[in-house]
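Undergrad: Following is a predicted model, sequence given first.
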Amino acid sequence: MCERHRTHPVVTEPHAETRAPGPAGTCRPADARREVERAIDACCRAARTRCDAHAVEDAQLVVSELTTNAILHGGGVTDFHVDVVGHGVRVCVSDASDRLPVTRPPVDPRGRRRVDGRGWPIVCRLARDVQVSDLPSGGKCITAVLPLF
């Protein structure tokens, strides 16, 4: 798990003051990346400020990793939304699995370098807050908040 982030079971779905839901059935990382870019761009235009390109890229990378992990390990994306809250962007990706994300060592038991297993550490490193919540209908929702400025 992410040592510096809270990871705990909760039986409620995340709330959002300003919600920019992805299209129904969003399950591809590319769709999620576009939704993140749109939400951040709309917020920056409304505030008449310039978006930090690195912050947008970080948010896109995190949402790409979360959606890819949901597809590969969680039975697919069951819900996705993004909101801009204060000076951060919050992405929420839900899947059908109750299994918690894990960090795997970079080397397998035989001493060979793994080619996978880097997504969760990337999410934990870039996000300022990560929460994993159990959903009432089963599965989980991973929420990551990243700084925008």
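TA: Nice, I can see it.
Undergrad: Please make it C-alpha for all contacts and neighbour counts, starting now.
TA: Noted.
Undergrad: Convert stretch 96-107 to CSV, retaining C-alpha atoms only.
TA: The C-alpha trace of stretch 96-107 is given here as CSV (Å, rounded to 0.1, in the frame of the first residue of the first chain):
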residue,chain,number,x,y,z
ALA,A,96,-15.8,-4.7,-9.4
SER,A,97,-13.0,-6.3,-7.3
ASP,A,98,-12.7,-6.1,-3.5
ARG,A,99,-8.9,-6.8,-3.8
LEU,A,100,-6.7,-3.9,-2.6
PRO,A,101,-3.9,-2.6,-4.8
VAL,A,102,-0.5,-4.0,-3.8
THR,A,103,3.1,-2.8,-4.4
ARG,A,104,5.2,-5.6,-5.8
PRO,A,105,9.0,-5.7,-5.6
PRO,A,106,10.8,-4.7,-8.8
VAL,A,107,12.4,-8.2,-8.9
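Undergrad: For that stretch, what does the pLDDT average out to?
TA: Mean per-residue pLDDT for stretch 96-107: 89.
Undergrad: Could you list the buried residues of that stretch?
TA: By 16 or more other Cα atoms under 10 Å, the buried positions in stretch 96-107 come out as 96-97, 100-101.
Undergrad: Stretch 37-57 too?
TA: 37, 39-41, 43-44, 51, 55-56.
Undergrad: Tell me where the chain has helices.
TA: 29-46, 53-73, 119-126 (DSSP state H).
Undergrad: now these as TSV including distance to G88 and mean pLDDT?
TA: Listed next are the helices of the chain as TSV, based on distance: least, Cα to Cα, whole Å; pLDDT from 0 to 100:
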stretch	distance to G88	mean pLDDT
helix 29-46	9	91
helix 53-73	9	95
helix 119-126	12	94
